[in-house]
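Asks: No letters, just coordinates:
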Ligand SMILES: Cc1ncc(C[n+]2csc(CCOP(=O)(O)OP(=O)(O)O)c2C)c(N)n1
Ligand SMILES: [Mg+2]
């Protein structure tokens, strides 16, 4: 199909391509080499979210992508603008989130000269992008953009970067947008091998102790409905990883919660005792497996994943099925019969009863336990989108919020990036304005991108930051308490900032809760306000995340750390 | 274990660093790597010799395939492929031993491509063991300098890689 062509600059062509890809929002920050692009954006029909630090543009685009399922787009200038994106790109890469990243670059004739604000961003991001491009001729730009969106959003999703030298954005071209992508080196497999699927089905049929271990792949392949049907059909309990939360309804009796280091005891016991582990869209991360040799040692392992390189990367798999989780689960639903799990399900129910997640109320009576806040947010707003920072609060959010739908839990899983949550929550709220969006934050993490309060206020993005203020870099303090004799080296950050005043300084609403009975009203007030809000929850300062598998231990060697007061 | 991989890649800016970067990032060892354009000018062919067990080979192959610019990866088993390497060896020589060195070169069907009053450059082509053998025989004369291309290989017979 040929389209009539039109003469335009590279910058204009970029906008035209974004329209054709259905992009309605981008997160960015301007700079010298981006002037031609920003001039086009001035009256483009695209919402531009002006962040206050480029890292937030990358996280914002990622939050937007995770909340909507669309590809996130961000833009930054050459040199420092581009390098400021690096953490965000690495984060999206580790969690396989589709993103197209545009960076400005010095003019082609200056490339390689250490020109002002030159950084070799394609070189820098090679190991943290699915692919990247340096545009050498504006005539290639439409094709490259088409390819970038295709690569980012298909197969195992991930970030793709396009570096745009300034002269490229000024060059006149005959615009033509290809309607097909043809990359001979990139043909992701979607349909799983039927032979393998049937083999898996016959293992399921004879299994007495099956466990489904599902991850972020369920979310990206939009397979949560299939997962539920499949689990119910074969009568197998389901554990979802940190990035898989929301992929299976927490209220379902087959749900085991999260596995691994801060997972539930029963999820870990079930994995260890299983005779068949059905892994779907997961990568056997060390935070899940603990000591690899001891992981699900008696189980046959079926591994369903779209990325062939994940098969047998960490653990030897018996039945690999490469392809799209949704497609494969649909086929498995057709071929698989129920497993023989009656006794197993009873055993698991006992484990659940005997080893529930729990916390004790504080001795002082009216102090605030962090787990309680999560429960209250959940009660107040069950279908909120929960975004988190990284640390103890992140684990409490994953443990105590009852997620029932995909794309409602957005967290930095693979990279564990403090400072991710707040900008990602802005991105999520921009993408899903109909949803209440919380950033469950630590007092340390929030300070890594708190400048984005300005973005939230200026762009009128009413997210609620719930700071779990323990006065510590709590997760690190927990390890120091357990493994370094309570020598709290550089982890105390008590009373360093008044978060209410900070919020107010930016024109946001600032609330504080210091007592248990103030928790719920603060949450309600924040939701009702419709404004960007920071709630400073003063929590028990030395609360630990429990249970916990010490590093290097088998996951059934899981310790109870809750202080019995 | 050593494996020889034939890797067809897009003949584009940056491909070599993508491939090399993947190896170093993931901690795989490259014994040798050669690159050149193929009969199709848009495609280059890399011949990569890697060290590792079957699991390493599997991961290397999969990780290579993940690179967008990699078109195809083939594991060339030595039984069904032909392999060659070229070496240039500059060896000390003068009138006293020139003919002796020429005789050695002859046995290996190597060629003398430069002669000077105190040195000679010998060009030899063959598989690894042949190059190792001539190197050993020339060593007593004093090797001043040596360069090897690294292995290139093709599948025997009809099939291509
Ligand atoms: C950018 C970054 N730097 C350092 C770390 C290491 N780290 C992991 S958790 C943590 C403490 C987080 O403190 P806070 O945000 O207050 O959360 P808490 O654990 O107290 O809930 C640190 C320093 C990290 N994950 N990310
Ligand atoms: Mg803290």
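Replies: Cool, the structure landed. Worth saying up front: this structure is predicted, and the values here are computed from it rather than measured. Residues are numbered from 1 along each chain as shown, chains lettered A, B, ... in the order given. Ligands and ions are numbered 1, 2, ... in the order given.

Asks: Show me what from the stretch 251-400 of chain A comes close to ligand 2.
Replies: Neighbours of ligand 2 within the stretch 251-400 of chain A, by C-beta under 5 Å from the ion: none found. Glycine gets a C-beta too; all of them are placed from N, C-alpha and C.

Asks: How about the stretch 251-400 of chain A: which residue is closest to ligand 2?
Replies: residue A:391 (6.0 Å; C-beta to the ion).

Asks: can you check chain B too?
Replies: residue B:25 (32.7 Å).

Asks: these two touch, right, that residue and residue A:127?
Replies: Yes: with contact defined as C-beta atoms under 8 Å, residue B:25 reaches residue A:127; the gap is 5.2 Å.

Asks: The two: who's more crowded?
Replies: Neighbour count, other C-beta atoms under 10 Å in any protein chain shown: between residue B:25 and residue A:127, residue A:127 has more, with 14 against 11.

Asks: picking that back up, from what I can see the residue of the stretch 251-400 of chain A closest to ligand 2 touches residue A:442, true?
Replies: Yes: if you go by C-beta under 8 Å, residue A:391 and residue A:442 touch, sitting 4.3 Å apart.

Asks: Show me whatever sits in contact with both of these two.
Replies: Common neighbours of residue A:391 and residue A:442 (criterion: C-beta atoms under 8 Å, 6 or more residues apart in numbering or on different chains): A:418, A:473-475.

Asks: from those, which two are the most distant?
Replies: Maximum pairwise distance in the shared contacts of residue A:391 and residue A:442, criterion C-beta to C-beta, is 11.4 Å, between A:418 and A:474.

Asks: what do the two both touch?
Replies: The overlap between the contact sets of residue A:418 and residue A:474 (C-beta under 8 Å, 6+ apart) consists of A:391, A:442, A:444.

Asks: Tabulate those in TSV, adding columns for neighbour count and distance to residue A:133.
Replies: Formatted as TSV, the shared contacts of residue A:418 and residue A:474 follow (neighbours: other C-beta atoms under 10 Å in any protein chain shown; distance: C-beta to C-beta, whole Å):
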residue	neighbour count	distance to residue A:133
A:391	27	36
A:442	27	37
A:444	26	36
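
Asks: how about those in CSV, adding secondary structure and distance to residue A:175?
Replies: Below are the shared contacts of residue A:418 and residue A:474 laid out as CSV (DSSP: H, G, I helix; E, B strand; the rest coil; distance: C-beta to C-beta, whole Å):
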residue, secondary structure, distance to residue A:175
A:391, coil, 48
A:442, strand, 47
A:444, helix, 48
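
Asks: tell me which element the residue in chain B sticking out farthest from the centre is part of?
Replies: When distances are taken from the C-alpha mean of chain B, residue B:96 lies farthest, 33.0 Å away, according to C-alpha atoms, centre = their mean. Assigned by DSSP states H and E, residue B:96 falls within no helix or strand.

Asks: Out of the shared contacts of residue A:391 and residue A:442, who's the most crowded?
Replies: residue A:474 (30 neighbours).

Asks: Spit out the contact partners of that residue.
Replies: A:391-393, A:442, A:444, A:468, A:491, A:543.

Asks: Give me the pLDDT for it.
Replies: What the model reports as pLDDT for residue A:474 is 98.

Asks: Which residue ranges of chain B form helices?
Replies: Ranges of helices within chain B are B:15-25, B:54-66, B:98-107, B:128-138, based on DSSP state H.

Asks: Hey, what's the angle from the shortest one to helix B:128-138? Just curious.
Replies: In this case it means helix B:98-107. 170 degrees (axes from the mean of the first three to the mean of the last three C-alpha atoms, to 10 degrees).

Asks: Quick one: list the elements packing against helix B:98-107.
Replies: strand B:111-115, strand B:119-126, helix B:128-138 (3 or more C-beta pairs under 8 Å, 6 or more residues apart in numbering or on different chains; DSSP states H and E).

Asks: quick one: buried residues of that helix?
Replies: B:101, B:104-105 (16 or more other C-beta atoms under 10 Å in any protein chain shown).

Asks: Check chain B for the residue nearest chain A and tell me.
Replies: residue B:62 (3.9 Å; C-beta to the nearest C-beta).

Asks: how many neighbours does that residue have?
Replies: 17.

Asks: Look up the pLDDT of the residue farthest from the centre of chain B for me, please.
Replies: Reported pLDDT for residue B:96: 95.

Asks: Can you list phi and psi of it for me?
Replies: Backbone geometry at residue B:96, expressed as degrees, to the nearest 10, gives phi -70, psi -30.

Asks: Hmm, residue A:471 is touching residue A:541, no?
Replies: Yes: counting by C-beta under 8 Å, residue A:471 does reach residue A:541; the two are 5.0 Å apart.

Asks: quick one: common contacting residues for the two?
Replies: Common neighbours of residue A:471 and residue A:541 (criterion: C-beta under 8 Å, 6+ apart): residue A:494.

Asks: So for those two, which sits in the more crowded spot?
Replies: residue A:471 (18 against 14).

Asks: What is the neighbour count of the spatially closest residue to the more buried one that is not a sequence neighbour?
Replies: Leaving aside its sequence neighbours, residue A:471 sits nearest to residue A:494 (C-beta to C-beta, 6 or more residues apart in numbering or on different chains; 3.5 Å). Residue A:494 has 10 neighbours, counted by other C-beta under 10 Å.
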